[in-house]
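1. take a look and give me a structure for this.
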Amino acid sequence: MDATQLSPELRKRLIDLMLMMRPWIDTGPGQKQVTSAPPIQPGPRPVVVAPVSPVMRQTAPKIVGPIPAPLPVAEPAPTSMVAQIDAILQARLIGTPLEEIGIRLVESPKGDPIVLVGDKSYTGVGDVSDPAVQAALRAAIAEWERKYTPGYK
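-> Presented below is the predicted three-dimensional model:
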């Protein structure tokens, strides 16, 4: 298509597009890019739907509304056995008197489980002196076995 065949509206639109793109085109090696576009304002942006026809239509794209907010991303599930048991333990401790103590299961650099109770650490469940904490840990381990061990009853 020859530029002389464009309607006045399309010709103006083409010139506007060329002026917007010119700073990127004119920037050569060693030259700083200069833009005169206003800063982007925060807020919802319109969704632009491209024309359906492969041939360019002589109408502007339709704006169908603002882009919806992104959906919240769920935390990934813990991948190690110790982290899975700790997640079960934390869920079981909610609303109990043990919740305030600060009981956690963590892994050592070698992958061994470490029981943290307040500011003390233990190398195993059997080393924990408080029987209520031991019972909570054993219950979390039993739930993990039922949930993640195939064939375990």
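
2. C-alpha from now on. contacts and neighbour counts both.
-> Noted.

3. now the helices for this protein?
-> Using DSSP state H, the helices of the chain run over residues 8-26, 81-93, 131-148.

4. check which residues of the longest one are buried.
-> Looking back up the chat, that one is helix 8-26. Buried residues in helix 8-26, defined by neighbour count with 16 or more other C-alpha atoms under 10 Å: none.

5. any idea of the mean pLDDT in that helix?
-> Helix 8-26 comes out with an average pLDDT of 73.

6. what do you get for the shortest one?
-> Here helix 81-93 scores 92 as its mean pLDDT.

7. got it, and the last one?
-> If you average the pLDDT over helix 131-148, you get 91.

8. ok, back up a step: how about JSON lines for the helices of the chain, with distance to Glu107 added?
-> Shown next, in JSON lines, are the helices of the chain (distance: least, C-alpha to C-alpha, whole Å):
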{"stretch": "helix 8-26", "distance to Glu107": "52"}
{"stretch": "helix 81-93", "distance to Glu107": "7"}
{"stretch": "helix 131-148", "distance to Glu107": "15"}
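
9. out of those, which comes closest to Gly124?
-> Nearest to Gly124, of all the helices of the chain, is helix 131-148, at 9.7 Å by C-alpha to C-alpha.

10. so what touches that closest one?
-> For helix 131-148, the external contacting residues (C-alpha atoms under 8 Å, 6 or more residues apart in numbering) are 84-86, 88-89, 92-93, 98, 103, 125-126, 128, 152-153.
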